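> Quick one: sequence and predicted model below, then my questions.
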Amino acid sequence: MYNTDIFKIETNHVVPNQGKILISEPFLYDHIFGRSVILLVDYTQDGAVGLVMNKPLPILLNEIMDDFVDFQEEIPLYKGGPLSMDTLFYLHTFRQISGAIPVADGVYMNGTFDELKTCLKRGEHIEGNVRFFLGYSGWEYKQLDREINENTWMVGEEDKENLMDEKASSTMWKNAMSKLGGKYEMWARFPQIPIMN
């Protein structure tokens, strides 16, 4: 007799919080949130805000912002979510930037943009230290809790190095799901659309 429970989508019942990640269930078929990993940058009784960490856009920041045209390295840009797609958000590791919001251990969001540019023009590396996003993901009061209870999301943790490593974004969902262990590790190997297998 086979154990069919391993195929049952069920949340891992971890409480969401600022700095934790949301890992979409394996068969969520959505062009924004399917196979996504979202860093929760705010989680309160009023709602939640997050940035999708693993959905690169087909343009570079250097191509759309004059401030970065002269930078030698290509600067990837990610789709942070479907809200405020005309607004730039950034995660970084620079504690000294005024107004930056601590999000996770050693990871900050936004802050004074001119100070960020000064850091980078002084020679601080972008890679591993700064990631840029257009838009964000948001949930109203209790909405995220409902989605977690409906088994849309698993809640996990990720360290600073993986959050800030752009090269890891293509495998971030699979790796985050695998880290949960047990049947979640098996889900990481499932095709998103099983009929396509």
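Noted; the coordinates are in hand.

> Quick one: low-confidence residue ranges for the chain.
Applying pLDDT under 70 to the predicted model, the residue ranges of the chain that meet it are 1-8, 191-197.

> How about the residue nearest the centre of the chain, nearest residue that isn't a chain neighbour?
Relative to the mean C-alpha position of the chain, the nearest C-alpha, by Cα atoms, centre = their mean, is the one of residue 53, at 2.6 Å. What sits nearest to residue 53 in space, not counting adjacent residues and going by Cβ to Cβ, 6 or more residues apart in numbering, is residue 37, at 4.8 Å. C-betas here are computed from N, CA, C, even on glycine.

> Give the bridge partners for the one you found, please.
With DSSP bridges applied, the residues forming beta bridges to residue 37 are residue 23.

> List the residues that contact residue 160.
Going by Cβ atoms under 8 Å, 6 or more residues apart in numbering, residue 160 touches 93, 104-107.

> Looks like the residue nearest to the centre of the chain contacts residue 35 (just checking).
No - under the criterion of Cβ atoms under 8 Å, residue 53 makes no contact with residue 35, lying 11.5 Å away.

> before we move on, back to that, out of the contacts of residue 160, list just those in strands.
Applying DSSP state E to the contacts of residue 160, the entries found in strands are 104, 107.

> among the contacts of residue 160, which ones are buried?
93, 104, 107 (16 or more other Cβ atoms under 10 Å).

> in its sheet, what does the helix or strand in which residue 50 is found sit against?
Under the criterion of DSSP states H and E, residue 50 resides in strand 47-52. Based on DSSP bridges, the pairing partners of strand 47-52 within the sheet are strand 37-44 (antiparallel), strand 130-140 (antiparallel).

> so can I have JSON lines of those strands showing mean neighbour count and distance to residue 29?
As requested, those are exported to JSON lines (neighbours: other Cβ atoms under 10 Å; distance: least, Cβ to Cβ, whole Å):
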{"stretch": "strand 37-44", "mean neighbour count": "21", "distance to residue 29": "17"}
{"stretch": "strand 130-140", "mean neighbour count": "21", "distance to residue 29": "17"}
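
> Would you mind saying which of those strands lies nearest residue 88?
Relative to residue 88, the nearest member of the strands paired with strand 47-52 by Cβ to Cβ is strand 130-140, separated by 6.3 Å.

> which residues in the protein form helices?
Applying DSSP state H to the chain gives helices spanning 61-64, 113-121, 143-149, 160-164, 172-179, 182-187.

> which one of those helices lies closest to residue 24?
Ranking the helices of the chain by proximity to residue 24 (Cβ to Cβ) places helix 172-179 first, at 7.1 Å.

> Between strand 37-44 and the closest one, find me the angle.
80 degrees (axes from the mean of the first three to the mean of the last three Cα atoms, to 10 degrees).

> Next up, the contacts around the closest residue to residue 61 other than its chain neighbours.
Of all residues beyond its chain neighbours, the one nearest residue 61 is residue 75 (3.9 Å), with distances taken as Cβ to Cβ, 6+ apart. With contact taken as Cβ under 8 Å, 6+ apart, residue 75 is in contact with 60-62, 68, 126, 132.

> Swap in 10 Å and give it another go.
For residue 75, the residues meeting the contact criterion (Cβ atoms under 10 Å, 6 or more residues apart in numbering) are 60-65, 68, 120, 126-127, 130-132, 166.
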